[in-house]
Each structure stands twice: as structure tokens, then as C-alpha cells.
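> output the structure for:
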Amino acid sequence: MSGWTIEALDWDDPEGAALRAAQRAELDARYGSDDHEPGTVPSAADIDLFLVARDGGGAGAALACGALRRLDAVSAEVKRMYVAPQARGTGVAAAVLRALEAAAVERGWTTLRLETGHRQPDAERFYRREGYRPIPLFGAYVGSAISVCYERVLV
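Below you'll find the model as predicted:
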């Protein structure tokens, strides 16, 4: 399956919010609570770009999302990567990640970092496969017992 389009949406767009709510519910179930996000929760005020992949050339359902939050002059953090269960294994996650990377390069950012959790081995496999390497916990994640961090140098 590759019949999707990727578009930038406002953080508060209802379809994007629905994808993020589904992600939150899935993570709540994996961790057994809603206390699984160290650090500052992303918001419209601090997200620089929010992308949504849509089925059917732009007219279909929202399938996946991802965001960028600037960390400093040369780096950003990948936030809210999520793929709806019915779209997993289609390549849409990699397409969203590549679009985020391209947007980062356009903004002059040379490094992307991210945090995932130890109860998300599928996410860890995905990021390793996509060229991200494990790094020490950074920023708000330092000292977190559940966080695992990754980085990819883009340029």
C-alpha cells in the first residue's frame, strides 16, 4: 500500500487530534497507566510541524502522524509518531519519518532526536531500521526509568 499523501496540519486539527488520542490510549494500555510521558507534553505552542498521512491520495482517512519540536539551532525532536493499526506494515511510518527529516533539513536542522519507551519494542526496531542510533537520555528524559532515546544525523 502506498496510496497516501502527507500534509501539514494545524496541531489542533480534529483528525490529527484523533490520531494522537488513539496513540495515547494504546500507550496507556501498554504501560498500565497514563504516566508514561516524561518531559513537556507537545502543544500547538511548541510544535514546529505536524504531518498527517492520509489514505487515498488525500481524500481518505488519516492513517499516521508525526511532529517536530525544535530543540536548538541545529536539532529537533520527533514527537507523536503514530500509525493506525490498520495501516501498520504498509510503509506509511517510514514515509512520515522521511517527510519529517526532509522538513528538518529545509529548516537547517542537522540532527533529529527522539524518545520512546522501553515497552515499545516495535518502535525501537523501527527507529533502528530507519537509521537512528541509541543515545544517552537527553533533556527532560534524563533520569527516566522508562525512556529510550535515539538520534540521527541528517547532514
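> isn't there a helix covering Arg69?
No: under DSSP: H, G, I helix; E, B strand; the rest coil, Arg69 falls outside any helix and is assigned strand.
> quick one: the helices in the protein?
14-31, 92-106, 121-129 (DSSP state H).
> tell me which of the ones you listed is the most buried.
helix 92-106 (a mean of 18; mean count of other C-beta atoms under 10 Å). C-beta: built from backbone N, CA, C; applies to glycine.
> angle of it against helix 121-129?
Using axes from the mean of the first three to the mean of the last three C-alpha atoms, to 10 degrees, the inter-axis angle of helix 92-106 relative to helix 121-129 is 50 degrees.
> kindly format the C-alpha coordinates of helix 92-106 as CSV.
What follows is helix 92-106, C-alpha atoms only, in CSV (Å, rounded to 0.1, in the frame of the first residue of the first chain):
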residue,chain,number,x,y,z
VAL,A,92,3.5,4.8,5.9
ALA,A,93,5.5,5.3,9.1
ALA,A,94,8.8,5.4,7.1
ALA,A,95,7.2,7.9,4.7
VAL,A,96,6.1,10.2,7.5
LEU,A,97,9.5,10.0,9.1
ARG,A,98,11.3,10.8,5.8
ALA,A,99,9.0,13.8,5.3
LEU,A,100,9.9,15.0,8.8
GLU,A,101,13.6,14.5,8.1
ALA,A,102,13.2,16.5,4.8
ALA,A,103,11.4,19.3,6.6
ALA,A,104,14.2,19.4,9.3
VAL,A,105,16.8,19.7,6.6
GLU,A,106,14.8,22.6,4.9
